[in-house]
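> return atomic coordinates for the entry below.
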Amino acid sequence: MVTEKLISAVALTALVAFSGSARADILVGVGGPLTGPNAAFGVQLQKGAEQAAADINAAGGINGEQIKIVLGDDVSDAKQGVSVANKFVADGVKFVIGHFNSSVSIPASEVYAENGVLQITPTSSSPQFTDRGLWNTFRVCGRDDEQATGAGYYIASRFPEASVAIIHDGTPFGENLAERVKSAMRSLGRSEAMFDNVDQGEKDMSRLISRVRAEEISVLYWGGMYIEAGLIMRQANDGGLNLTFISGDGILSKELAFIAGDAVDGALMTAMKDPVQDPENKQLVDRFREAGFDVNADALYSYAALQSIAAAAKAAGSSDPEEVAKAMKDAGPFSTVLGPTSFDANGDITSAQYVMYEWRRGPDGVFYPFEKTNDPNLCFKTCGADQHCCRNGTCATTCPE
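Residues are numbered from 1 along each chain as shown. Below you'll find the model as predicted:
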């Protein structure tokens, strides 16, 4: 009798173990700067993915399996990003949400590709990330060449007589934006008066400001992040310069206004439409805020990244990363917080829509980026003499309502 009970117990233990291995957690890594100067962005990626995992798990998970989030702090450093990638692989991670910086996502993606890991970034916008022909690279954000080309067209059209400076921070992200803006302007017959760089981490902008004053610059395009942008704005304003400051989505941070102060007023910024402002996402946004988290667009892009993986896995009937990657390109569009979401053969989102924002003081006295809705150049296109630049990003003689 004792022996029979022992055998039954052993059999039951084996059955439980077998069941556990058959329905193991799906490990999803979230890679980004959880510490360091870009930690404000990293926490958005983390919270967005964690909330998406909780919601997907509550609805049954991915093909019946539960998602478990694994965090990796890359400190916005390429070498650390590769270390995070190798750690994810060793831990059995099969899907990665991240990284934040293109300079980290690109080398990390090589590790993931060689080890069967699908990577989808919420924010890395360098064309190189998806243009290398890897099977595993996806993004839910737009591309630098799209937003920078649009910004170059915008500057040429909106400021035809301005003396323009194009400045970048020396990073692949910032320099690529600057070069694309320059090329777009020149394609319309406009040349910059000044092209220069300020190293990332620089605090004293006096050299730059002296040259801007000497060149009588009235429009400054910045390719880089919000910290240096805020310092340039503040120190230029303190120096008595009256500049129109334009940049890309690297300055999309509430911290910008704390650094720049009142000098941020009127600054222009290209960025994709903000899903936080979409009425369809109000309940989700309210849940973040009720939990005490100051959610921004990056969190919802991270949320959409995991939604895309889950939807593609369902379409594929598999959680194998290569099968999911194929479904992501073939089975969309998927329903996400960004709206219907699909991916092209390279892994780029097909519905990226950049708009122009202007930093202005809100009703509460705090500066925020507001979408410009009354500027004829805001669609970033050059239209014919008898055409209008419509809100849907097209040129037409009569715009749709």
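> show me how far stretch 222-239 is from its chain's centre.
Offset of stretch 222-239 from its chain centre (C-alpha atoms, centre = their mean, to the nearest Å): 21 Å.
> what residues of that stretch count as buried?
Residues 222-237 are the ones in stretch 222-239 that count as buried (16 or more other C-beta atoms under 10 Å). C-betas here are computed from N, CA, C, even on glycine.
> now do the buried residues in stretch 344-359.
In stretch 344-359, counting by 16+ other C-beta under 10 Å, buried: 346, 347, 348, 349, 351, 352, 354, 355, 356, 357, 358, 359.
> got the phi/psi numbers for the fifth one?
Comment: the main-chain dihedrals of residue 351 come out as phi -120, psi 30, following degrees, to the nearest 10.
> so it sits right up against residue 339, yeah?
Yes - if you go by C-beta atoms under 8 Å, residue 351 and residue 339 touch, sitting 6.7 Å apart.
> and which of the buried residues of stretch 222-239 is nearest residue 77?
residue 225 (14.2 Å; C-beta to C-beta).
> so what's the closest one closest to, chain neighbours aside?
residue 250 (4.4 Å; C-beta to C-beta, 6 or more residues apart in numbering).
> then residue 274?
residue 297 (4.9 Å).
> re the thing from before, contact partners for the residue nearest to residue 225?
Residue 250 makes contact with 173, 174, 177, 223, 224, 225, 226, 229 under the criterion C-beta atoms under 8 Å, 6 or more residues apart in numbering.
> among these, which are located in helices?
Mapping those onto helices (DSSP state H) picks out 173, 174, 177, 226, 229.
> for the chain, where's the lowest mean pLDDT among helices and strands?
Here the helix or strand of the chain ranked lowest by mean pLDDT, DSSP states H and E is helix 2-22, holding a mean of 42.
> following element in sequence after that helix, please.
strand 26-32 (DSSP states H and E).
> now do that following strand: distance to the chain's middle.
Computed by C-alpha atoms, centre = their mean, the chain-centroid distance of strand 26-32 equals 16 Å.
> just want the angle from the following helix or strand past it to strand 26-32.
Following strand 26-32 in sequence order, the next helix or strand is helix 39-58 (DSSP H and E). On the basis of axes from the mean of the first three to the mean of the last three C-alpha atoms, to 10 degrees, helix 39-58 is oriented at 160 degrees to strand 26-32.
> tell me which residues in helix 39-58 are buried?
39-53, 55-57.
> that older thread, going by distance to residue 31, which of the contacts of residue 250 wins?
Closest to residue 31, out of all of the contacts of residue 250 and judged by C-beta to C-beta, is residue 173, at 16.5 Å.
> now do the closest one against residue 166, distance only.
14 Å (C-beta to C-beta, to the nearest Å).
> make TSV out of the ones in helices among the contacts of residue 250 and add pLDDT and distance to residue 88.
Shown next, in TSV, are the ones in helices among the contacts of residue 250 (pLDDT from 0 to 100; distance: C-beta to C-beta, whole Å):
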residue	pLDDT	distance to residue 88
173	85	23
174	91	27
177	93	29
226	93	28
229	97	32
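> any chance of JSON lines for the residues you listed, columns distance to residue 306?
Shown next, in JSON lines, are those (distance: C-beta to C-beta, whole Å):
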{"residue": "173", "distance to residue 306": "24"}
{"residue": "174", "distance to residue 306": "28"}
{"residue": "177", "distance to residue 306": "27"}
{"residue": "226", "distance to residue 306": "26"}
{"residue": "229", "distance to residue 306": "30"}
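> can you pull up the most central residue in the chain?
Nearest to the geometric centre of the chain sits residue 123, at 2.0 Å (C-alpha atoms, centre = their mean).
> backbone phi and psi for the residue nearest to residue 225, please?
According to degrees, to the nearest 10, residue 250 has phi -70, psi -20.
> same check on residue 117?
For residue 117, the backbone dihedrals (degrees, to the nearest 10) come out as phi -110, psi 130.
> that one reaches residue 321, doesn't it?
Yes - between residue 117 and residue 321 there is a contact at 6.1 Å, judged by C-beta under 8 Å.
> overlap in contacts, those two.
94, 95, 136.
> could you dump those residues into JSON lines and include distance to residue 365 and secondary structure?
Shown next, in JSON lines, are those (distance: C-beta to C-beta, whole Å; DSSP: H, G, I helix; E, B strand; the rest coil):
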{"residue": "94", "distance to residue 365": "47", "secondary structure": "coil"}
{"residue": "95", "distance to residue 365": "42", "secondary structure": "strand"}
{"residue": "136", "distance to residue 365": "46", "secondary structure": "coil"}
